[in-house]
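Asks: Give me a 3D structure for the following:
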Amino acid sequence: MHYRHLATRLFTTWALVVACARLPVAMAPLALVFLVRERPGGYAVGAGLAAAYVVGEVVGAAVLGARLLPERARGQLAAGLAVGACAFGAIGVLPGAHPVPLGALAALAGGAPAAAGGGLRALLAAQLPDGLVVKALSVESVLTYTLWSVAPALAGVLALGVASPLPLLLSGALMAAATAGLWALPAGWAAEAGDRGGASLARMLVGAWPVYVVGAASMSLLALAELALPALLEQRALGVGWAGPLLAGFSVASAVGAVLYGLRGAWPGPLRVQGLVLLVGVTGCVTVVATAASLPWIAGALLAAGLLQSGVQLTRSLALRESLPPSAHAAAYSVMYAATGVGYAASAAVVGVAQRAVPPSTAVLAGVGLTLLLVATGAAGELRTRSGTVGPHSAKE
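Replies: Sure thing, here's the model as predicted:
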């Protein structure tokens, strides 16, 4: 089957709902910083609000995602998105409020809709034939990378050029639109708890832990590429202004990689092995970024990392879908989202602490070491589960 088979009303509607739900997520951290930057100590307050938002996302994805009921997912997702819309709107209407209530609203804005990503992915996959699922997830990755590329510029233009609360108000409006758009999608999908063979959902989710660890490792590498690049360029006496174009190139390469992965129906080897191999490749690319002395080498390594990174994320989603029964898919995707958030935050913390004592290149290599530890842990877990099962649903590898 080809990408053109996705040109349906269902997929178009789904993509619009996803765009309206995810663009606020992509804009939120920067929008929160811009909201309070003119206060005394505004950047520190903004960083705290952004941290509260991310913590809300991680907790919401793990807790609410595990409680999604497949047959009634639309109502649950709509409730979460509606609360998120109200929280974003409240922050935009009350920009001068004390940081504590703003932080609580930021956590609510991050947590309430956090199950939407996994729920919407499971909802779409359940409506498609197996031959189209890989291509649908590839298009989803392209959409995600596009939104994350556009979001910082959009937040900056609106906050700095018009009014600082505007990105938050727009986020609330977009989430409200996503809430309404859900009613043009199916109410849920057929997935009885009996497909778990008597195992509890929690046990099945815990059984898939190696997939989450590898997902966290992939996002830790993304954090290294994004957060340390300006400092690396400065260390190499290269223009810091190249950071923006280089990261844009990384995002474009990731989108291209997602399309290329989906073009081929099946790649050699089990999905979990594919993911580990691609992740090792991304690790090598980030190591080159940390040690290269010239701009062409850094640019080439980032482009190669982007091509491989999208494949890592796709194989993780596909491995979860293959290893777990339908009733566990939405929860597993949400737990994966939470795990990747933890991976990003952990890598950011390692780099931030290390840069106080060592050059940026050494700090990035320390982050690479953390990633390799996660990769080794995930690989060991994969070897243990590969010949067995994840719960009662046997992996097809």
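Asks: tell me which element the residue sitting nearest the centre point of the chain falls in.
Replies: Among the residues of the chain, Tyr337 comes closest to the average C-alpha position under CA atoms, centre = their mean, at 5.9 Å. Tyr337 belongs to helix 329-354 when assigned by DSSP states H and E.
Asks: Tell me the first helix or strand C-terminal of that helix.
Replies: Reading on from helix 329-354 to the C-terminus, the next helix or strand found by DSSP H and E is helix 360-386.
Asks: For the helix holding Tyr337, give the mean pLDDT please.
Replies: Mean pLDDT, computed over helix 329-354, is 81.
Asks: can you pull out the helices in the stretch 1-150 of the chain?
Replies: Shown for the stretch 1-150 of the chain, the helices assigned by DSSP state H, counting those that start in this stretch span residues 9-36, 42-65, 73-93, 99-111, 116-127, 130-161.
Asks: Show me what counts as buried in the helix holding Tyr337.
Replies: Within helix 329-354, the residues scored as buried using 16 or more other CB atoms under 10 Å are 329-348, 350-351, 354. C-beta here means a position set from N, CA and C on the backbone, and glycine is covered the same way.
Asks: Any idea how many residues pack against the nearest residue to Leu77 once chain neighbours are set aside?
Replies: Nearest non-adjacent residue to Leu77, counting by CB to CB, 6 or more residues apart in numbering: Gly119, 4.8 Å away. With neighbours defined by other CB atoms under 10 Å, the count for Gly119 comes to 30.
Asks: Was I right to think Gly119 contacts Ala73?
Replies: Yes: between Gly119 and Ala73 there is a contact under CB atoms under 8 Å: 5.2 Å.
Asks: Mutual contacts of these two, please.
Replies: Jointly contacting Gly119 and Ala73 under the rule CB atoms under 8 Å, 6 or more residues apart in numbering are Ala330.
Asks: Check the secondary structure at the closest residue to Ala328 other than its chain neighbours for me.
Replies: Leaving aside its sequence neighbours, Ala328 sits nearest to Met204 (CB to CB, 6+ apart; 5.1 Å). Put simply, Met204 is helix when judged by DSSP: H, G, I helix; E, B strand; the rest coil.
Asks: contacting residues for Gly378?
Replies: Taking CB under 8 Å, 6+ apart, one finds 210-211, 213-214, 217, 276 in contact with Gly378.
Asks: export these to a markdown table and tack on distance to Leu227?
Replies: Formatted as a markdown table, the contacts of Gly378 follow (distance: CB to CB, whole Å):
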| residue | distance to Leu227 |
| --- | --- |
| Pro210 | 26 |
| Val211 | 25 |
| Val213 | 21 |
| Val214 | 21 |
| Ala217 | 16 |
| Leu276 | 24 |
